[in-house]
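[1] sequence first, then the predicted structure:
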Number of protein chains: 2
Amino acid sequence: MINIPIALDAMGGDFAPESIIQGADFALSSLMYSYNYKVHFSIYGQEDKVMPILSKYKKLEESSTFIHVEDVVLASDKPSFAIRHRKQSSMTCAIEDVKKGIVSGAISSGNTGALMAISRFILGTLPNIDRPAIATTMPSMGKDFVLLDLGANVECNADSLFQFAIMGNAFAKTVLNRKNPKVALLNVGHEETKGTDTIREAFSLLKKIESGINFCGYVEANDILKGDVDVVVVDGFSGNVMLKMMESLAENIFALLKESINYSLATKFAGLLLKFQLKEKFYRFNPKFHNGAMLLGLNGVIVKSHGNADSIAFANAIKVAANAIYNNINVKIAGELNVIE
Amino acid sequence: MINIPIALDAMGGDFAPESIIQGADFALSSLMYSYNYKVHFSIYGQEDKVMPILSKYKKLEESSTFIHVEDVVLASDKPSFAIRHRKQSSMTCAIEDVKKGIVSGAISSGNTGALMAISRFILGTLPNIDRPAIATTMPSMGKDFVLLDLGANVECNADSLFQFAIMGNAFAKTVLNRKNPKVALLNVGHEETKGTDTIREAFSLLKKIESGINFCGYVEANDILKGDVDVVVVDGFSGNVMLKMMESLAENIFALLKESINYSLATKFAGLLLKFQLKEKFYRFNPKFHNGAMLLGLNGVIVKSHGNADSIAFANAIKVAANAIYNNINVKIAGELNVIE
């Protein structure tokens, strides 16, 4: 059985290092139990903070490698500052070991801007990729879909959108195991005349591809959740806005639903009667099961876990990284770009 | 008591002319009962389609003016086609009468692109406004907020965003009756360095204004629903994407909730127990009560009602138009731009 070595930044995120250690343990013990591969973790962190927790998880402690680091990237660090002054941080050391080939990928719940900047600085981009993008899976009424870019590129030209489509296609194939994913450009209408010049130009570029990608034209935001499309390509500004609004609207509606149920004894009883149905219907909307955004287009697998990820959410990010590595996502991206160029 | 004459396009939208006539009747009889003004409707439509319905609403029929027209703007009409070839349509005739001053504003549930194009062609824009924007009110966890642009301008420069802020401010003051509305630019972060050059430039322009507007900087999409901000300014592409995603996500979540409740006798009983709480909590999220987007920046009050608006929703659009007219929204916009220039 193949063994995949993955680096974990134990110091990033709101609940570090607990959530990272617990998440790694959970991933080892149950989440990836039935997979075709094993994972081996290299855990990067400050000894006095990580070891007291790691020592509680004997199986994880024995099967993983702990690497002590002196420094930590802070949430407030500017990317340029982090590149220059956080060379001994858990984040930077983890990425360095991806570069060296000691591990096959790295996961961090830390500062997104710094993670992107350091990764790009150390690993570089794949051939024919100008700008990396951030991609994640999202739930819909049907199957999950891939959304990118989520904010790495607030301004995009047509070439960038084109490359995002290629990368999103590879992400859907490897991480979501889709055979012939439907790839669409997000636009304000279905007609070819709609949108900006940039989007129309990206549309023409994608239309020209003859094989390897199942490009299905434009999708409107109100049609995404029908679940017909596997990959939604958008500039990082609109993608970021849409993602944040989706998360916050769902959160607020569920909070109001909870308030309604907690109102009185009668409504609490109603909540009990509805519990199983609500769980079944809304299970797949839980953001925990969609945690793990990939920094696509880098010369290495780097996964960003949400800053507020708990252990279950972090374990999901591990799954994203492991699937991407096991299925050779970057070879697929490079191969498809090669065919096209 | 002041009497406000408003033109209604009886032929636009999925449920025309029923929803328009019923909506007008509802607005007359109950919705605006307590207002400081009266409205008088001029109803534009094809006699054979409108009169059989209008004749059922005696009070409305007696108090309003019916204007027969030969033609209708279709949902499939391109804006340029509608300008050239739909001169005898209900939409065009209604807007013409705004221009002539016969009515103070017009409302249509028809083709948005055509409505914007014809309005702009006939009415022109206000002094110092380059491009009109579409604005609507949206619910949040706190108070409602104004969102613009919703898609009239898929690409915006800093001047446009600046003008949207001024117009949104006037909309919040007149339609939502806010005293000193907090106006924010939508961005991917709070820091001054975030976002595109265009957004940062608009930020500087707005920072310079010394009075008349309460500009509070950037807002992120996940903070909008907290309800701290009264006006959210964004380019028409991202605004359109965000609006459509909000509407569709809320719709889908409520559909799943309904499915859960309809699952069995026990869950239906639970639904009954929860009914009042759910109604109270989710009341303000009903899109009907937010129907009526204003085409801001035109030399006249034009309100777009949703294509699928029913009578209650259409009555809400009438309220938006009447409030905007009664409170002289365009005088306020022109005045504020004058002070600034």
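    Received it, and whenever you're ready, just let me know what you need.

[2] rest of the way, CA atoms for contacts and neighbours
    Fine.

[3] all helices of the stretch 151-300 of chain A, in order?
    A:158-174, A:197-208, A:221-224, A:236-261, A:265-282 (DSSP state H, counting those that start in this stretch).

[4] within range of chain B, give me the residues from the stretch 1-150 of chain A.
    Within the stretch 1-150 of chain A, the positions lying close to chain B (CA under 8 Å from any CA of the partner chain) are A:Met141.

[5] any low-confidence regions in the stretch 1-150 of chain A?
    A:31-34 (pLDDT under 70).

[6] thinking again about what came up before, of the helices of the stretch 151-300 of chain A, flag the one that's most buried.
    Comparing the helices of the stretch 151-300 of chain A by mean neighbour count (mean count of other CA atoms under 10 Å in any protein chain shown), helix A:158-174 ranks first with a mean of 25.

[7] how far does it sit from its chain's centre?
    14 Å (CA atoms, centre = their mean, to the nearest Å).

[8] please list the outside residues in contact with it.
    Under the criterion CA atoms under 8 Å, 6 or more residues apart in numbering or on different chains, residues A:129-131, A:133, A:135, A:145-149, A:178-181, A:183-184, A:198-199, A:201-202, A:205-206, A:213, A:230-235, A:296-297, A:323-324, A:327-329, A:332-333, A:336-337 lie in contact with helix A:158-174.

[9] 7 Å instead?
    For helix A:158-174, contacts defined as CA atoms under 7 Å, 6 or more residues apart in numbering or on different chains pick out A:129, A:131, A:133, A:146, A:148, A:178-179, A:181, A:183, A:198-199, A:201-202, A:205-206, A:213, A:230-231, A:233-235, A:296, A:323-324, A:327, A:329, A:332-333.

[10] with adjacent residues omitted, what lies nearest to the residue in the stretch 151-300 of chain A positioned nearest to chain B?
    Per CA to the nearest CA, A:Ala270 is where the stretch 151-300 of chain A lies closest to chain B, at 4.1 Å. Nearest residue to A:Ala270, sequence neighbours excluded (CA to CA, 6 or more residues apart in numbering or on different chains): B:Ala270, at 4.1 Å.

[11] quick check: mean pLDDT of whichever helix or strand A:Ala334 is part of?
    Using DSSP states H and E, A:Ala334 sits within helix A:329-340. The average of the pLDDT scores along helix A:329-340 is 83.

[12] identify the residues contacting that helix?
    So helix A:329-340 is contacted by A:126-128, A:166-167, A:170-171, A:174, A:209, A:212 (CA under 7 Å, 6+ apart).

[13] and the helix or strand hosting A:Tyr44, how far out from the chain's middle?
    Using DSSP H and E, A:Tyr44 sits in strand A:37-45. For strand A:37-45, the gap between its own C-alpha mean and the chain's C-alpha mean amounts to 18 Å (CA atoms, centre = their mean).

[14] what about the helix or strand following it, distance to the chain center?
    Using DSSP H and E, the helix or strand that follows strand A:37-45 in sequence is helix A:47-54. Computed by CA atoms, centre = their mean, the chain-centroid distance of helix A:47-54 equals 26 Å.

[15] and helix A:47-54 with strand A:37-45, angle?
    Relative orientation of helix A:47-54 and strand A:37-45, computed by axes from the mean of the first three to the mean of the last three CA atoms, to 10 degrees: 140 degrees.

[16] A:Gly297: what's it in contact with?
    So A:Gly297 contacts A:125-126, A:129, A:132-133 (CA under 7 Å, 6+ apart).

[17] so which residue is dead centre in chain A?
    A:Ala293 (1.0 Å; CA atoms, centre = their mean).

[18] mind checking which helix or strand the closest residue to that residue other than its chain neighbours is in?
    Spatial nearest neighbour of A:Ala293, chain neighbours left out: A:Thr136 (4.4 Å); criterion: CA to CA, 6+ apart. Here A:Thr136 is covered by strand A:133-138, with elements defined by DSSP H and E.

[19] what residues does that strand touch?
    Outside strand A:133-138, the residues that reach it (CA under 7 Å, 6+ apart) are A:144-153, A:164, A:290, A:292-297.
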